[in-house]
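Q: just the structure for this:
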Amino acid sequence: MNKIKYPLLAFFCVLLLGAGIGLDTWFKPHRDVKTAPVFDEFDVDDFTSEFLEDSKAAKNKYLADDGDSKIVTMSGTIQHITNNMLNETVITIQGKKEAGARFTLMDDQKEKAQSLKPGDKIKLTGVVSAGAEFDADLNRYLDAVLEQAYF
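A: The predicted structure follows:
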């Protein structure tokens, strides 16, 4: 009986510990992007140039493995306003250079976005998800991607 009792007890303890860690992670509150401090503010060309010149240093500076990437504010000219497959509004801003930035807006920003049109100057804040880069296979620049954006 003791040969089964102790391994079973150990398994049950490990199971409880795993469930506790899982529940803690599941119910952890999400970061409120609107109230969190903004890391930096700049023009879209400055941001994309940083990724194009030294991608590794820029990734270390702005991106985080744990999902808490830096929040930045960018200004530029609206190039496109579209909806993605989840019906979220996506605004692409461009500067003078070929690479730009794509901002996926929060749901509460849809009303404000309806008054915008391509060619307008805008300032958006969002969480950095990916940096700009040149894709040699496609022979074109890929835009930086920012999520949870707001005006």
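
Q: measure residue 114 to residue 19 for me?
A: Residue 114 sits 45 Å away from residue 19, taking Cβ to Cβ, to the nearest Å as the criterion. Every residue, glycine included, has its C-beta placed from N, CA and C.

Q: next, residue 109: secondary structure please.
A: Here residue 109 is helix, with the state taken from DSSP: H, G, I helix; E, B strand; the rest coil.

Q: residue contacts, it?
A: By Cβ atoms under 8 Å, 6 or more residues apart in numbering, the residues touching residue 109 are 89, 149-151.

Q: now swap in residue 142 and tell me
A: 99, 132-135.

Q: repeat that for residue 97.
A: 45, 48-49 are the contacts of residue 97 under Cβ under 8 Å, 6+ apart.

Q: by neighbour count, which of these wins?
A: residue 48 (27 neighbours; other Cβ atoms under 10 Å).

Q: can I assume it is in contact with residue 101?
A: Yes: counting by Cβ atoms under 8 Å, residue 48 does reach residue 101; the two are 6.8 Å apart.
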